[in-house]
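Participant: pasted the sequence and its predicted model underneath.
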Amino acid sequence: MNATDNKLYPPLRFFSALRAALFLLIVLAALACVSGSVSAQAVLDQSGEDDPPYEAENVELVAQYGGMATDLVMRDHFVFLATSHRFWVVDVSQPQTPQMIAASPPLGDTPWNIALADNWLLVPAGVDGLWIFDVQDPYHPVAVAHLPSRDFSLDAAMWKNFLFLADSQGGLRIFDASDFEKPREIGTYGETIREVEIAGDYLIVLSDKNVDILDLSDPAKPLVIWRTMLSGDVFDIRVHGNYLLIPQWNKRVQIWDIRDPKWPVWQASISVPAATYAGGMGEYIWVKGWNSLYVFDLSNPSKPQQISRFELDGSIQNAVYKEGLLYAADYFGGLRVLDYSDPKQPIEVGEVKMPGILRYTEMEKGYLYAADELSIKTIDLSNIRRPQLVYDFGIGLNRSASNNVEAWENYLVAAEDGSMGFLIFDVSDPAKPVQMAHDKNPFFYSDFAVWQNYLIGVHYRGLAIFDISDVNQPVFLTTYPLSGVLEAVVLDDRVVLLTKYGLRVIDISDPKQIRMLASDNSFSDGKDVALFKNMAFVADSRKGVLIYDLSDPTALRLINTITTPDNADCVEVSGRYAFVCRWRDLGNYRFFGGFAVYDIRDPADPIEVGIL
């Protein structure tokens, strides 16, 4: 991975190839945006054609399940853990058995960083702006203020009565927070600010190209007193005592002595592969590198000595050290507690498991079948505001797949991680699935579709067709060679294929004699496809959403393009609405940009009626 790659924020090994949202959202009824697909359950008003087309204006996020842990802060024996679209409060008075005791309501975007200021929790939530919560009673966090984002709120810090908000391309925004419930904006600085750190009476800010130290003598007009240019990707800065830590991806961790902020003194550069995060732990510092947590002795800051390396099965985003214990936010797993009373021999002593990043979903009969990094899960959505896990299959899925679970009638098919072939389950009782078949045909499947008694498996060389009249014994019929197929959806006796190179329509009325009917190459970066009546909606990250008329099976006709302000990465259609999820590219970084809802009763003139 190099500096020109588009990386999710922060860069993560498993996500360099991911093409869409990494967590499950539920909007109004059920919107699940995961790995390039959205599952929508029709709960929006879909009454007669004469109804006014604007019922979806006030899109509300009502529930959230799963997601990644992104940051944490600590007060007393309570950890505030930022996750996808909310934060959790964890009681760690018993570190071996941490207990989740409270959570915020769902937020409009993911908080990548959070900060504490006395009894106030600052929660910058991307496109949803900055939320301020009163956490004096950790069991009952209360939202007291909200500041809309000008661009993408990433980080926040407090100094005296002043609040500093890193708002990405909105720059550094400065507020007088004498009244925490009514912050008043008094100034700005810079153009693209991603991280902020307080160091005494100075503010350290991370932009795309620099790390600046600002004098806060006049908080409304901070003055740059020092700057260092960055030659590699930097995702975090951290102050530890008298030292500034700057981890650089694919380079080193810089250590600067900032006792005199006007004249910082370079101390050392530590070689850590894929360094992304760093922090202090007494006379030591920890550094998150590739699949490992490194600890260095800083007693001689010009010559830091590595004293331990703890191998991880996850990815630490941030950590807080207290009384010999390191509390770490694990991107994939939740909260982990590591005992560093002997820094040379760390051991893991406790954890709080989160559901994880749900990457593939399939809706059937009120249940959502969702897969994270480790397994498929059955989630009951009968109470849409309180999704409930009812079963965990305990099998991992092919991580390179786009959508490798498919449900039909009382069955579910999935491609197991690291294995060729597929598994079929009877899910007539969603809480007690029964494995019916395990086909070991030599393909790694990335998607499935079902037509009548036939299963269509998408693999890297094309399609494989199976007769599943007897689900206990799938019968392989034929293959259809076609390069670059990403996704397959069925329309009558046709299959619409999204490929790397465009849209294809094939005739499967005779599964043994598949015929190509039509093709179109109007887009070059298709991410997802959804069908509505005789129309196909294609999310293309460069062009938006392309709408095709499929009424003539031998000719694909492009009838309109919905131009989206951000990259369109997934699309689903339910009733008369199209739901589009979007990503934003900021330099080398990718951020979830929210949902847009369109009324599509006239496909030639879609109307945006809601946004989240």
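Facilitator: Good, I have the coordinates.
Participant: from S271, how far out is the nearest residue to T563 once chain neighbours are set aside?
Facilitator: On the basis of CB to CB, 6 or more residues apart in numbering, the spatially nearest residue to T563 that is not a chain neighbour turns out to be G544, at 4.5 Å. Heads up, the C-betas are built off the backbone N, CA and C, glycines and all. Distance of G544 to S271, given as CB to CB, to the nearest Å: 44 Å.
Participant: those two: who's more crowded?
Facilitator: G544 (22 against 11; other CB atoms under 10 Å).
Participant: next up, the contacts around that one.
Facilitator: Contact analysis of G544 by CB atoms under 8 Å, 6 or more residues apart in numbering lists 561-564, 568.
Participant: state the pLDDT value of P52.
Facilitator: Per-residue confidence for P52 comes out at a pLDDT of 39.
Participant: repeat for G526
Facilitator: 88.
Participant: surely it meets G484?
Facilitator: No - if you go by CB atoms under 8 Å, G526 and G484 don't touch, sitting 9.9 Å apart.
Participant: report the set of residues contacting both of the two.
Facilitator: With contacts taken as CB under 8 Å, 6+ apart, G526 and G484 have 499-500 as neighbours in common.
Participant: hang on, P553 in a strand?
Facilitator: No - the assignment for P553 by DSSP: H, G, I helix; E, B strand; the rest coil gives coil, which leaves it out of any strand.
Participant: how many residues are close by the closest residue to it other than its chain neighbours?
Facilitator: Once its chain neighbours are removed from consideration, P553 has its nearest residue in L517; the separation is 5.1 Å (CB to CB, 6+ apart). Other residues within reach of L517 by the criterion other CB under 10 Å amount to 18.
Participant: gap between L517 and M354?
Facilitator: As for L517, its distance to M354 is 45 Å (criterion: CB to CB).
Participant: which residue packs closest to F523, ignoring adjacent ones?
Facilitator: Spatial nearest neighbour of F523, excluding adjacent residues (CB to CB, 6+ apart): D540 at 4.1 Å.
Participant: for the one you found, give me its contacts.
Facilitator: When the contact criterion is CB under 8 Å, 6+ apart, the partners of D540 are 523-527, 546, 568.
Participant: for the protein, just list every one of the helices.
Facilitator: If DSSP state H is used as the criterion, the chain turns out to lack helices entirely.
Participant: how about low-confidence regions in it?
Facilitator: Low-confidence segments of the chain, defined by pLDDT under 70, are located at 1-61, 64, 66, 355-360, 372-374, 395-403, 417-419, 584-593, 612.
Participant: didn't S541 look like it was pressed against V571?
Facilitator: No - in this structure, S541 sits apart from V571 without contact. The criterion is CB under 8 Å, and the distance is 11.4 Å.
Participant: so for those two, which sits in the more crowded spot?
Facilitator: Counted by other CB under 10 Å, S541 and V571 do not tie: V571 has more neighbours, with 29 against 23.
Participant: I figured the more buried one hits A536, correct?
Facilitator: No - here V571 does not reach A536: they are 9.8 Å apart, not a contact under CB under 8 Å.
Participant: mutual contacts of the two, please.
Facilitator: Taking CB under 8 Å, 6+ apart as the criterion, V571 and A536 both touch 529-530.
Participant: hmm, back to that, what about the residue nearest to T563, distance to Y284?
Facilitator: Taking CB to CB as the measure, G544 falls 50 Å from Y284.
Participant: how about V337, nearest residue that isn't a chain neighbour?
Facilitator: By the measure of CB to CB, 6+ apart, the closest residue to V337 outside its immediate chain neighbours is G350, 3.8 Å from it.
Participant: burial check on that neighbour, number of neighbours?
Facilitator: One way to gauge burial is a neighbour count; for G350, by other CB under 10 Å, it gives 17.
Participant: same check, this time on D179
Facilitator: In terms of burial, D179 registers 10 neighbours under the definition other CB under 10 Å.
Participant: now A220
Facilitator: Using other CB under 10 Å, the number of residues around A220 comes to 14.
Participant: separation between the closest residue in space to it that isn't next to it in sequence and M363?
Facilitator: Nearest non-adjacent residue to A220, counting by CB to CB, 6+ apart: G187, 3.7 Å away. Taking CB to CB as the measure, G187 falls 48 Å from M363.
Participant: related to what we said a few turns ago, among the contacts of D540, which are located in strands?
Facilitator: Cross-referencing these against strands under DSSP state E gives 526-527, 546, 568.
Participant: which two from those residues end up farthest apart in space?
Facilitator: Greatest spacing in these, by CB to CB: K527 and L546 (11.2 Å).
Participant: between the two, point out the one with more neighbours.
Facilitator: Regarding K527 and L546, a neighbour count based on other CB under 10 Å identifies K527 as having more, with 26 against 23.
Participant: how near is the more buried one to P565?
Facilitator: Where P565 is concerned, K527 sits at a distance of 16 Å (CB to CB).
Participant: just L325 next, same as before
Facilitator: Applying CB to CB, one obtains 44 Å for the distance of L325 from P565.
Participant: which of the two has more neighbours?
Facilitator: Neighbour totals were compared for L325 and P565, and L325 leads with 20 against 12 (other CB under 10 Å).
Participant: pairing partners for the more buried one in the sheet, please.
Facilitator: According to DSSP bridges, the residues that bridge with L325 are K322, D339.
Participant: ok, now how distant is it from R504?
Facilitator: Remark: distance between L325 and R504 (CB to CB) = 55 Å.
Participant: then Y445?
Facilitator: Counting by CB to CB, the separation of Y445 from R504 is 18 Å.
Participant: higher neighbour count, those two?
Facilitator: When neighbours are counted by other CB under 10 Å, Y445 and R504 differ, and Y445 comes out ahead with 28 against 21.
Participant: so what's that one up against?
Facilitator: 398, 401, 404, 415, 421-422, 457-459, 464 are the contacts of Y445 under CB under 8 Å, 6+ apart.
Participant: neighbouring contacts of stretch 422-434?
Facilitator: Residues outside stretch 422-434 that contact it (CB under 8 Å, 6+ apart): 364-365, 367, 369, 378, 380, 390-391, 393, 395, 407, 410-416, 435-439, 441, 445, 448, 457, 468, 471, 474.
Participant: I figured the residue nearest to A220 hits L223, correct?
Facilitator: No - using CB under 8 Å, G187 makes no contact with L223, being 11.6 Å away.
Participant: who's more crowded, those two?
Facilitator: Using other CB under 10 Å, the more surrounded residue of G187 and L223 is G187, with 17 against 11.
Participant: separation between the more buried one and G200?
Facilitator: Looking at G187 against G200, where the rule is CB to CB, the gap reads 20 Å.
Participant: same thing with I307?
Facilitator: Applying CB to CB, the value for I307 to G200 is 29 Å.
Participant: with neighbour numbers in mind, choose between these two.
Facilitator: When I307 and G200 are compared for neighbours, I307 comes out ahead with 15 against 12, by other CB under 10 Å.
Participant: pretty sure that one sits against L293.
Facilitator: No - between I307 and L293 there is no contact, the gap being 12.0 Å when judged by CB under 8 Å.
Participant: might you report the residue contacts of the closest residue to G289 other than its chain neighbours?
Facilitator: Nearest residue to G289 in three dimensions, chain neighbours excluded: V272, at 4.2 Å (CB to CB, 6+ apart). Contacts for V272 were tallied using CB under 8 Å, 6+ apart; they are 247, 252-253, 287, 289, 294.
Participant: ok, which pair from these is furthest apart?
Facilitator: Spanning the widest gap among the contacts of V272 are R252 and Y294, at 12.0 Å by CB to CB.
Participant: in terms of neighbours, single out the busier of the two.
Facilitator: When neighbours are counted by other CB under 10 Å, Y294 comes out ahead of the other of R252 and Y294, with 22 against 17.
Participant: so how far is G108 from that one?
Facilitator: Here Y294 is placed at a distance of 36 Å from G108 (CB to CB).
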